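K.L.:
model this:
(one chain, ligands or ions: 1)
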Amino acid sequence: MTDIPAIEVTGLRRSYGDQVVLDAIDLHVPEGSVFSLLGPNGAGKTTMVRILATLIRADAGVARICGHDVAREPGRVRAVIGMTGQFSALDDYLTGEENLLLMAGLNHLPRSERRRRTEELLDRFGLAEAARKPAVTYSGGMRRRLDLAMGLMGRPKVIFLDEPTTGLDPRSRRDMWQIVRELTGQGVTIFLTTQYLEEADQLADRIALLDHGRLVAEGTPAELKRLVPGGHVELRFADHRALAEAAAALEMESGEELVLRVPGGNRTRTLRELLGRLDAAAVEVETLSVHTPDLDDVFLAVTR
Ligand SMILES: Nc1ncnc2c1ncn2[C@@H]1O[C@H](COP(=O)(O)OP(=O)(O)OP(=O)(O)O)[C@@H](O)[C@H]1O
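P.N.:
Below you'll find the model as predicted:
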């Protein structure tokens, strides 16, 4: 362990044309931790990873990976990072083993070590049996595991896990989470982008919420949940007329869904007051459910 942070970002900005995609981002990720960047589609997560991985440049600001400046020392940065997800190098028509051997070559591993390391990774990721089958025949979970194994070939210090469990069944998702936990146990730093709040909650030491290119909240999962002490009440309506009336009575904006999520409300007093306002406006609510706070609530509270 060193005192140098795995990832250090200050005042990072990036625009595409007139559109500001990342705006004055500061991040600090200690070595050996899991940091999750969470945000809806289009929030800027991929752009952030691209900059950190030296694939594109920022317009302003500084980003360092293990002390190396991504703009000035891209080669050194690439030597300490591993990429997965949409940045994956996985080739569908090669077998799992061939994909790993290719990666070993790209990472300039000595010839004698390539096969040994490939076998070690196949074993560790439960892919030994399928090693000689083309990746195109793999299940979603197996592909993600192969992808991650490839990302680890060069023994990176920092690995970018880009939406690692999107589309996986619950079992494969849990397997992936277990692998991530094992990696951090070995001192690898993980930068995880996800749209799943539960995933960030399960894995991350710290979470940053990105919305429209700005960090709207940052902290441990527990700290973030403390931002919304009351959870939320979910109200479901039979039709858009009832939804509109309720939204007016509660001074909220309604969307396409026949649902309103009202922050707070797991105390009887606020719940009574909420129902009182709906009653006074003679609005019919179809169903009502009370939710204890989770990261969804944080999102609701900070992205409105
Ligand atoms: N090459 C590009 N040219 C123009 N605009 C771009 C480009 N890449 C991204 N954008 C825009 O930047 C914004 C942020 O995109 P980005 O892909 O970083 O978001 P994201 O949070 O990763 O979303 P997703 O979860 O959908 O991948 C979007 O509005 C997108 O349209």
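
K.L.:
Give the burial count for residue 203, as a bare number.
P.N.:
24 (other C-beta atoms under 10 Å). C-beta: built from backbone N, CA, C; applies to glycine.

K.L.:
The closest residue to it other than its chain neighbours - how many residues pack around it?
P.N.:
With sequence-adjacent residues excluded and distances taken as C-beta to C-beta, 6 or more residues apart in numbering, residue 203 is closest to residue 34, at 5.1 Å. Neighbourhood size, residue 34 [other C-beta under 10 Å]: 22.

K.L.:
Next: residue 39.
P.N.:
24.

K.L.:
For the ligand, what's its nearest residue on the stretch 51-200 of the chain.
P.N.:
Nearest residue of the stretch 51-200 of the chain to the ligand, counting by C-beta to the nearest ligand atom: residue 195, 6.2 Å away.

K.L.:
where does the stretch 201-304 of the chain dip in pLDDT?
P.N.:
For the stretch 201-304 of the chain, the stretches with pLDDT under 70 are 228-230, 265-267, 304.

K.L.:
what about the strands in it?
P.N.:
206-211, 214-219, 232-236, 259-263, 287-291 (DSSP state E, counting those that start in this stretch).

K.L.:
what would these look like in a markdown table with distance to the ligand and mean neighbour count?
P.N.:
Output for those, formatted as a markdown table (distance: least, C-beta to the nearest ligand atom, whole Å; neighbours: other C-beta atoms under 10 Å):
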| stretch | distance to the ligand | mean neighbour count |
| --- | --- | --- |
| strand 206-211 | 7 | 22 |
| strand 214-219 | 12 | 17 |
| strand 232-236 | 24 | 20 |
| strand 259-263 | 21 | 18 |
| strand 287-291 | 24 | 13 |
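
K.L.:
Let's have these in CSV, adding distance to residue 12.
P.N.:
Shown next, in CSV, are the strands of the stretch 201-304 of the chain (distance: least, C-beta to C-beta, whole Å):
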stretch, distance to residue 12
strand 206-211, 12
strand 214-219, 10
strand 232-236, 32
strand 259-263, 30
strand 287-291, 34
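
K.L.:
Please report how far the residue nearest to residue 203 lies from residue 202.
P.N.:
The gap separating residue 34 from residue 202 is 10 Å, by C-beta to C-beta, to the nearest Å.

K.L.:
and after the helix or strand residue 160 falls within, which helix or strand comes next?
P.N.:
Per DSSP states H and E: residue 160 is located in strand 158-162. Following strand 158-162 in sequence order, the next helix or strand is helix 170-185 (DSSP H and E).

K.L.:
Just the buried positions in that next one, please.
P.N.:
172, 173, 175, 176, 177, 179, 180, 183, 184 (16 or more other C-beta atoms under 10 Å).

K.L.:
Compute the mean per-residue pLDDT across that helix, please.
P.N.:
Averaging pLDDT along helix 170-185 gives 88.

K.L.:
partners of the very next helix or strand once past that helix in the sheet?
P.N.:
Proceeding N to C from helix 170-185, the next assigned helix or strand is strand 189-194, under DSSP H and E. Sheet pairing for strand 189-194, assigned by DSSP bridges, gives strand 34-38 (parallel), strand 158-162 (parallel).

K.L.:
Residue 91: which of those is closest?
P.N.:
Among those, the nearest to residue 91 by C-beta to C-beta is strand 158-162 (17.7 Å).

K.L.:
follow-up on the earlier one: how big is the angle separating the strand holding residue 160 from helix 170-185?
P.N.:
Computed with axes from the mean of the first three to the mean of the last three C-alpha atoms, to 10 degrees, the direction of strand 158-162 lies at 160 degrees from that of helix 170-185.

K.L.:
Distance from the chain centre to strand 158-162, please.
P.N.:
With C-alpha atoms, centre = their mean, to the nearest Å as the basis, strand 158-162 stands 10 Å off its chain's centre.

K.L.:
Spell out which parts of the stretch 51-200 of the chain neighbour the ligand.
P.N.:
Near the ligand, no residue belonging to the stretch 51-200 of the chain is found when assessed by C-beta under 6 Å from any ligand atom.
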